[in-house]
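Trainee: after the sequence you'll find the predicted model.
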Amino acid sequence: MMQYSEKTMEYFKSMKNMGRMENPDGMGKVGNPTCGDVMWIYIKVENNIIVDCKFETFGCVAAIATSSLATDLVKGKTLEEALEVTNKRIVEVLGGLPKAKLHCSLLAEDGVKAAIDDYRSKQKK
Amino acid sequence: MMQYSEKTMEYFKSMKNMGRMENPDGMGKVGNPTCGDVMWIYIKVENNIIVDCKFETFGCVAAIATSSLATDLVKGKTLEEALEVTNKRIVEVLGGLPKAKLHCSLLAEDGVKAAIDDYRSKQKK
Amino acid sequence: MGKLYYLDNNATTQVDPEVFKAMAPYYMENFGNPSGVYSFAQKAKQDVEAARAQVAEFLNAAPSEIIFTSGGTEADNLAIKGAAHALKEKGRHIITTAIEHHAVLNTCEFLGKNGWEITYLPVDEYGLVNPEILKAAIRKDTVIISIMYANNEIGTIEPIKELADIAREAKVYFHTDAVQVAGKIKLDVKELGVDMLSLSGHKIYGPKGIGVLYLKKGTRLSAMMHGGHHENNRRAGTENVPAIIGLGKACELAKKALEEGVEEKRIKGLRDRLEKELLGKVTEVVVNGHPVKRLDNTLNIIFKYIEGEGILIHMDFEGICASSGSACTSGSLDPSHVLLAIGLPHEIAHSSIRFSFGRFSTEADVDKVMEVLPPAVEKLRMLSPFWHNRDEMLKKDGACYTDEHGHHGHEKDEE
Amino acid sequence: MGKLYYLDNNATTQVDPEVFKAMAPYYMENFGNPSGVYSFAQKAKQDVEAARAQVAEFLNAAPSEIIFTSGGTEADNLAIKGAAHALKEKGRHIITTAIEHHAVLNTCEFLGKNGWEITYLPVDEYGLVNPEILKAAIRKDTVIISIMYANNEIGTIEPIKELADIAREAKVYFHTDAVQVAGKIKLDVKELGVDMLSLSGHKIYGPKGIGVLYLKKGTRLSAMMHGGHHENNRRAGTENVPAIIGLGKACELAKKALEEGVEEKRIKGLRDRLEKELLGKVTEVVVNGHPVKRLDNTLNIIFKYIEGEGILIHMDFEGICASSGSACTSGSLDPSHVLLAIGLPHEIAHSSIRFSFGRFSTEADVDKVMEVLPPAVEKLRMLSPFWHNRDEMLKKDGACYTDEHGHHGHEKDEE
Ligand SMILES: Cc1ncc(COP(=O)(O)O)c(C=O)c1O
Ligand SMILES: Cc1ncc(COP(=O)(O)O)c(C=O)c1O
Ligand code: FES
Ligand code: FES
């Protein structure tokens, strides 16, 4: 069915940054209403910089690849920079996604945002 | 389209008795309303016996084969015997005809009858 | 079976060896279902898409405008029923012609019994549709015009560009059955300006069981076959992968041959030679179709006073394959609707033979016909009551055997 | 492409070499159009009729009851639309089930939008239709009941004889989609008592692009494809000769194999071994479908907490071909309608993998799956939020991950 790019396959295969993180500084839990898939993003933050980022995903191959890529992209970035990692950028890096799978990359963008929001709201407390 | 028997092909090929007859004793002109085909049967009669019989046919392969066969069958027969050469008998001898072509054999039966009728009516005069 | 002299290429063509070679690996090696997720299936999918691109290029269309069907018949059915259904709230009047293939005619007839109204345009003695008559037939509720590009029996080529222009001006969908044109004349859907166009694989040295409906982007169409999401939801059913690959190859070969321009010239040469020699050798013959606006490969010829079937069988004895009327209608006793539509009387229409040349035809085929056909005609005429009485009959009822229909009969040698 | 482990025989099968050998001469040698008058064409016609007889024998039907179509999808469409149209004055209520193939479901849906009323029967947790529920659903205006013989996704086999009896008593036409049963269980239309039955070539080691509708003598049916007089006026379009020949051969081979009874036993052995070993090695798995009333070649299995696509891709890296849900519905994001119909929640339905064995499957295929699949599942579970929180989640909202649906999950080893 789906024609995934090589890059997508690489990220899916490597599953870089996958797994849970103990005691994260921020955590985003997002779900996709279209397909019922779920993504959790964990971040560790030091001096406003994301020093570590991990993910857990129940979802399709695109969801797994984009979560892996997104965590990779935001690592080492400031929170502000990380918020600029849009789904457009993700799709770009992957070299495109099948049309029906574009929504999966949105999940990754939303996950990172949710994790940063979570971190910030915790900081405020 | 049509699956003709070998016998039918033989008669069609041989075209036995085909052509016109000069000064026939009787002649039948019949036409098939279904397909527009036409058959002419000529007979020569001596002592109530058909001593010669020829045909001309504008029609399909089955029409040609059945006319040839019919003329063959009635040759040497008395008029009464000849009238018993039904289309059923013709189809039998041919080893069957495609369903859509059964009407063609009727043409041959009718042709012989018409020729005999013609002969008889001439005799009465 | 002995040597074959195959002159029935309008009925079906031999698959080109290159086409077969392209298809063959898709039965036992690349047999994947294109719907599968895994690479093996995706390879089939990619190859299907490559074939779609070949077909699109052949027609100067976009790949997304190509719908694979099970043949020319399905393409015609889908075009007309699919558009009729999609537009049924807009109007229910369809215009077609009296000389269409049965795939169009019977589809229209079916719609005619189910709430649509059909106008069958007449044609002239050559089989040509008059654009003015089309114009006059268009009504407010006309939704589809379907006119074949070239007729399968007599080869007459319709002025499709002009007819499609009229349709476009009237904002009516225009469909053309180009089954007989493909590979014989360059096809360019953009230049023609048609909304839908039908092709069939087995008429262009491709396999049977595959066809194409070209559907211009934006043209509304309801699917006729329901099921999986194949062909962009426009035609359900597992893709006939080998046949699609074969059709792609056939289109590629046809495109190349047309560009080179050698094949059609050679074919025309053969057809013209046969026509000329037959007209020279046999009396009382009439060539049907337009003298010039005619497919280069087609010769439909009438041998007066005898029926075609007998001629065919005599030729068959010698290995010559030709047809009387269209192959699809044989089995019926009615004479060809096309020959009746160009004004031939019943008996004459029964007397026609169609020779259609193709890629694999040779001079030997013509030689053989010239050897076999004239004596066969003579033999059959010897037993025809009409032949012996032709002078008489001509006097008695001219209706049947005048030369009115011999538009370019005997005098045609100079063509 | 490297070595292939093909376990998707419910999606499509490799053409049997004997089938290909039978078909091959019909592309470039015996390429005649069966409608032709000459011997060369008549030979094609005879061979088509011989293939029709092979198919008829396979089904215990008469040759005149066999209609060749372009595939299983067309056969389903023709059966349901054709009978619905023929009986439209009698009534417009159709009964089918929630687990049919899309070729039936979407055809019914189309009719549902065009004046017919459709009842979709529910199935139990195994995918079985309850005959009592069918009985209760029949109304005075019911004209067709269409229930598949075996489900393509989970393999559950319906009690067709019993269901057809109910239809016959109520004087309602009964159609069954037997696409997945052909070649796996003996088919006898007389014994089953069905009025219509669909087959597809490419599921029984025959070619793609060909199918069959069995139509019991006397059953009323309107044609769907209009054109020439092919298939006794029930399906227009030039016969797909090579594919028909191939299908005839495929039926002959299938009949022989079923009579010998060795092949299905061997296939069942492979399937059972894979099932047993997977259940022994991987935790939290559920086998779908009926434990016993199930196709011998089909294993539909759920790996909880992860999605099927990832598993498929991991297997694909190693050359294993399997599917999630039905091949026809991939491309859509919705989980399988069949798995939802047997009561699985959305997320679980996304977690299923279907293995379907066939004539060319071997122990090596099972070995390979056992080598590749368990670590892939483990890997994917490692990144699933649900996996890590399964104890918690089970407590929190049982809706998603209880074992309610694990009807014959882990404890099934003894089957
Ligand atoms: C003009 C025309 N249209 C349609 C068809 C039908 O195509 P197919 O044989 O692929 O169904 C044919 C040939 O039979 C044809 O000549
Ligand atoms: C149960 C069932 N019915 C119908 C079909 C459709 O058959 P085809 O692929 O020949 O169109 C399939 C397979 O796709 C099937 O599994
Ligand atoms: S389909 Fe759900 S995230 Fe991709
Ligand atoms: S079809 Fe006219 S006599 Fe045979």
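Mentor: It's in. Ligands and ions are numbered 1, 2, ... in the order given.

Trainee: can you give me the strands in chain C?
Mentor: Taking DSSP state E, the strands of chain C run over residues C:5-6, C:66-69, C:93-97, C:117-121, C:142-146, C:173-177, C:196-200, C:211-215, C:285-288, C:298-303, C:320-321, C:352-356.

Trainee: so which of those strands comes closest to ligand 1?
Mentor: Ligand 1 lies closest, by C-beta to the nearest ligand atom, to one member of those: strand C:196-200, at 3.3 Å. For the C-beta atoms, the positions are set from N, CA and C on the backbone; glycine is no exception.

Trainee: packing partners of that closest one?
Mentor: Contacts defined by 3 or more C-beta pairs under 8 Å, 6 or more residues apart in numbering or on different chains; DSSP states H and E place strand C:196-200 against helix C:39-59, helix C:72-86, strand C:173-177, strand C:211-215.

Trainee: single out the most deeply packed of the strands of chain C.
Mentor: Mean neighbours per residue, mean count of other C-beta atoms under 10 Å in any protein chain shown, is largest over those for strand C:196-200, with a mean of 30.

Trainee: okay, that strand in CSV with CA atoms only?
Mentor: Extracted in CSV, the C-alpha atoms of strand C:196-200 (Å, rounded to 0.1, in the frame of the first residue of the first chain):
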residue,chain,number,x,y,z
MET,C,196,-13.5,10.2,-22.4
LEU,C,197,-11.9,7.7,-24.7
SER,C,198,-11.9,3.9,-24.8
LEU,C,199,-9.1,1.5,-25.8
SER,C,200,-8.8,-2.3,-25.9
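
Trainee: what strands line up against that strand, and which way round?
Mentor: Strand pairing for strand C:196-200, using DSSP bridges, gives strand C:173-177 (parallel), strand C:211-215 (antiparallel).

Trainee: any idea how far A:Ile50 is from A:Lys77?
Mentor: 6 Å (C-beta to C-beta, to the nearest Å).

Trainee: what about the longest helix anywhere in chain A, near ligand 3?
Mentor: If you go by DSSP state H, chain A has its longest helix at helix A:102-124. Yes - using C-beta under 6 Å from any ligand atom, helix A:102-124 comes into contact with ligand 3 via A:Cys104, A:Leu107.

Trainee: what's that helix packed up against?
Mentor: Partner elements for helix A:102-124 (3+ C-beta pairs under 8 Å, 6+ apart): strand A:26-31, strand A:38-46, strand A:49-58, helix A:61-74, helix A:79-83, helix A:87-94.

Trainee: same thing but 6 Å
Mentor: strand A:26-31, strand A:38-46, helix A:61-74, helix A:87-94 (3 or more C-beta pairs under 6 Å, 6 or more residues apart in numbering or on different chains; DSSP states H and E).

Trainee: just checking, what packs against the first one?
Mentor: Where contact means 3+ C-beta pairs under 6 Å, 6+ apart, strand A:26-31 is packed against strand A:38-46, helix A:102-124.

Trainee: among the strands of chain C, which comes closest to ligand 4?
Mentor: If you check each of the strands of chain C against ligand 4 by C-beta to the nearest ligand atom, strand C:352-356 wins as the nearest, at 15.1 Å.

Trainee: what is the mean pLDDT for stretch C:240-254?
Mentor: Mean per-residue pLDDT for stretch C:240-254: 98.

Trainee: go on, stretch C:63-79?
Mentor: 98.

Trainee: right, and C:Lys3 touches C:Glu318 too?
Mentor: No - with contact defined as C-beta atoms under 6 Å, C:Lys3 does not reach C:Glu318; the gap is 9.1 Å.

Trainee: out of the two, which sits in the more crowded spot?
Mentor: C:Glu318 (15 against 9; other C-beta atoms under 10 Å in any protein chain shown).

Trainee: which non-adjacent residue is nearest the more buried one?
Mentor: Nearest residue to C:Glu318, sequence neighbours excluded (C-beta to C-beta, 6 or more residues apart in numbering or on different chains): C:Val372, at 4.6 Å.

Trainee: distance of the one you found relative to D:Ala22?
Mentor: Taking C-beta to C-beta, one finds C:Val372 at 33 Å from D:Ala22.

Trainee: and if you look at C:Val19?
Mentor: 19 Å.

Trainee: comparing the two, which residue is more hemmed in?
Mentor: Taking other C-beta under 10 Å, C:Val19 and D:Ala22 do not tie; C:Val19 has more neighbours (28 against 22).

Trainee: distance-wise, check the more buried one relative to ligand 1.
Mentor: Applying C-beta to the nearest ligand atom, to the nearest Å, the value for C:Val19 to ligand 1 is 15 Å.

Trainee: and the pLDDT at that residue?
Mentor: At C:Val19, pLDDT is 98.

Trainee: surely it meets C:Ala250?
Mentor: Yes - applying C-beta under 6 Å, one finds C:Val19 in contact with C:Ala250, separated by 5.0 Å.

Trainee: what do the two both touch?
Mentor: Shared contacts of C:Val19 and C:Ala250, defined by C-beta atoms under 6 Å, 6 or more residues apart in numbering or on different chains, comprise C:Tyr205, C:Gly206.

Trainee: just give the nearest non-adjacent residue to residue 49, would you?
Mentor: With no chain named, the answer covers chain A. A:Thr78 (5.6 Å).

Trainee: right idea, wrong chain: chain C
Mentor: C:Pro63 (6.9 Å).

Trainee: measure the closest residue to C:Glu100 other than its chain neighbours to C:Ala61 for me?
Mentor: The shortest distance from C:Glu100 to any non-neighbouring residue, by C-beta to C-beta, 6+ apart, is to C:Met148 (5.4 Å). Distance of C:Met148 to C:Ala61, computed by C-beta to C-beta: 19 Å.

Trainee: between the two, who's got more neighbours?
Mentor: C:Met148 (28 against 22).

Trainee: need the per-residue pLDDT for that one.
Mentor: 98.

Trainee: in chain A, which ranges drop under the pLDDT threshold?
Mentor: A:1-2 (pLDDT under 70).

Trainee: residue numbers of it in contact with chain D?
Mentor: Selection of chain A residues close to chain D by C-beta under 6 Å from any C-beta of the partner chain yields A:1, A:15, A:18-20, A:35-36, A:38, A:40, A:56-61.

Trainee: pull out the buried members of these.
Mentor: A:1, A:15, A:18, A:20, A:35-36, A:38, A:40, A:56-61 (16 or more other C-beta atoms under 10 Å in any protein chain shown).

Trainee: how about the longest helix of chain A: buried residues?
Mentor: So for helix A:102-124, counting by 16+ other C-beta under 10 Å, buried means A:103-116, A:118-119.

Trainee: now do that helix against strand A:38-46, angle only.
Mentor: 40 degrees (axes from the mean of the first three to the mean of the last three C-alpha atoms, to 10 degrees).

Trainee: who touches helix A:102-124?
Mentor: Taking C-beta under 6 Å, 6+ apart as the rule, helix A:102-124 contacts A:25-28, A:30, A:32, A:34, A:39, A:41, A:43, A:45, A:62-63, A:66-67, A:70, A:74, A:79, A:86-87, A:90-91.

Trainee: quick one: distance of it to the chain centre.
Mentor: Relative to its chain's centre, helix A:102-124 lies at 8 Å (C-alpha atoms, centre = their mean, to the nearest Å).

Trainee: what's the angle from it to strand A:49-58?
Mentor: Going by the same axes, to 10 degrees, helix A:102-124 makes 130 degrees with strand A:49-58.

Trainee: quick check: C:Ala167 touching C:Ile147?
Mentor: No - the criterion here is C-beta under 6 Å, and C:Ala167 misses it with C:Ile147 at 8.9 Å.

Trainee: what comes into contact with stretch A:13-30?
Mentor: For stretch A:13-30, the surrounding residues in contact (C-beta under 6 Å, 6+ apart) are A:39-45, A:54, A:56, A:68, A:71-72, A:107, A:110-111, A:114-115, A:118-119, D:382-383, D:388.

Trainee: how far does it stretch from start to finish?
Mentor: From its first residue to its last, stretch A:13-30 covers 22 Å (C-alpha to C-alpha, to the nearest Å).

Trainee: mind checking how far the residue of chain C found nearest ligand 2 is from D:Pro207?
Mentor: Nearest residue of chain C to ligand 2 (C-beta to the nearest ligand atom) works out as C:Thr238 at 3.1 Å. For C:Thr238, the distance to D:Pro207 (C-beta to C-beta) stands at 11 Å.
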